[in-house]
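S.K.: my questions are about this predicted structure, shown below with the sequence.
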Amino acid sequence: MFFAIKDLRKWFGGVKAVNGITLSVNKGEICSVIGPNGAGKTTLFNLITGFIKPDSGEVTFLDEKITGKHPKIITERGIARSFQIVNIFPRLSVYENVMVAILAQRGKSWNLLSRARIYAREECLQLLESIGLSEQSQMVAGQLSHGNQKRLEVGLALAMKPKLLLLDEPTAGMAVEEKAGVLATVRQMTQEQGCTIFLCEHDMRVIFEVSDTVWVVHNGQVVTHGTVAEIRGNEMVRKIYLGEKN
């Protein structure tokens with residue numbers, strides 16, 4: 001199994017944030033998790049990436065148990081993540097942001113004269129092209145639009161050459177036209193880089209447009225899962241998660 005979660009649990013006081021979630025992600029697919037606010041989605045991502053430790057259960061990646069391991073170790077295994085809140089270097093240029101990430105992945109320091117930086121130039125330019133930020137490469141990252149900052153953050157995660165990329169609300173706060181660009185980037189990642197995507201997102205149009213498989217969580221538990229067509233046609237999902245009434 002490429003990636004799997006089994007009976008994962010996390011309580012905060014008397015609140016069951018994640019209450020026995022079991023799910024799996026196949027290699028090369030775009031898999032989404034949906035649910036209302038407070039369903040446990042972000043807590044689940046934090047458990048997977050080692051930012052918090054579970055009370056019980058296990059996370060397996062490429063047949064290795066990574067449950068509760070330090071985030072650095074999990075990243076080294078091939079899992080990267082973008083966050084709900086943009087996490088970039090706002091005072092560096094877009095190009096410098098990506099270069100820092102590439103050098104970090106290679107275990108090299110940020111050095112203006114280093115050979116590693118010279119040799120990484122082509123990789124940096126290719127990555128900027130793939131995320132649609134070539135023309136903005138010399139802009140200060142903090143001056144980008146919100147949508148382009150999110151694209152850049154995805155680029156920083158991709159610079160780590162992940163096998164599995166977790167995207168936490170990748171289109172939050174974006175205009176419709178910005179979302180289209182990010183969706184195109186996500187599709188391109190899976191096709192060109194063989195990167196498996198696991199994302200949580202509130203915009204159901206985004207979910208239905210990019211996902212191969214959708215898992216629905218509520219009160220910290222999986223209540224159903226299936227293809228986009230199956231979830232779109234599920235009466236419970238329509239009424240509860242999509243806000244539809246009779």
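M.R.: Alright, I've got the coordinates.
S.K.: dig out what the closest residue to residue 162 other than its chain neighbours forms beta bridges with.
M.R.: Counting by CB to CB, 6 or more residues apart in numbering, residue 162 lies nearest to residue 80, which is 3.7 Å off, once chain neighbours are set aside. Bear in mind the C-beta positions are built from the backbone N, C-alpha and C, glycine included. Partner residues in beta bridges with residue 80: residue 165, with DSSP bridges as the criterion.
S.K.: longest helix of this protein?
M.R.: Assignment by DSSP state H gives helix 176-192 as the longest helix of the chain.
S.K.: chain neighbours aside, what residue packs nearest to the residue nearest the centre of the chain?
M.R.: Note on the chain: the residue nearest the mean C-alpha position is residue 167, at 1.7 Å, using CA atoms, centre = their mean. Once flanking residues are discounted, residue 167 sits nearest to residue 199: 3.9 Å by CB to CB, 6+ apart.
S.K.: and that neighbour, what is it in contact with?
M.R.: By CB atoms under 8 Å, 6 or more residues apart in numbering, the contact set of residue 199 is 30-33, 166-168, 170, 186, 210.
S.K.: how does the protein divide into domains?
M.R.: Using automatic domain parsing, the domains assigned to the chain come out as 1-28+39-71+189-197+208-227, 79-161.
S.K.: which one of these lies closest to residue 237?
M.R.: domain 1-28+39-71+189-197+208-227 (5.8 Å; CB to CB).
S.K.: quick one: the helices in the chain?
M.R.: Under the criterion DSSP H, the chain carries helices at the ranges 41-48, 71-77, 94-105, 115-119, 121-130, 146-158, 176-192, 204-210, 228-232, 235-236.
S.K.: for the fifth one, name the packing helices and strands.
M.R.: Using 3 or more CB pairs under 8 Å, 6 or more residues apart in numbering; DSSP states H and E as the contact criterion, the neighbours of helix 121-130 among helices and strands are helix 94-105, helix 146-158, helix 176-192.
S.K.: before we move on, back to that, next, format the domains of the chain as CSV and append distance to residue 179 and mean pLDDT.
M.R.: Formatted as CSV, the entries for those read as follows, by distance: least, CB to CB, whole Å; pLDDT from 0 to 100:
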stretch, distance to residue 179, mean pLDDT
domain 1-28+39-71+189-197+208-227, 9, 92
domain 79-161, 7, 82
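S.K.: sounds good, over and out.
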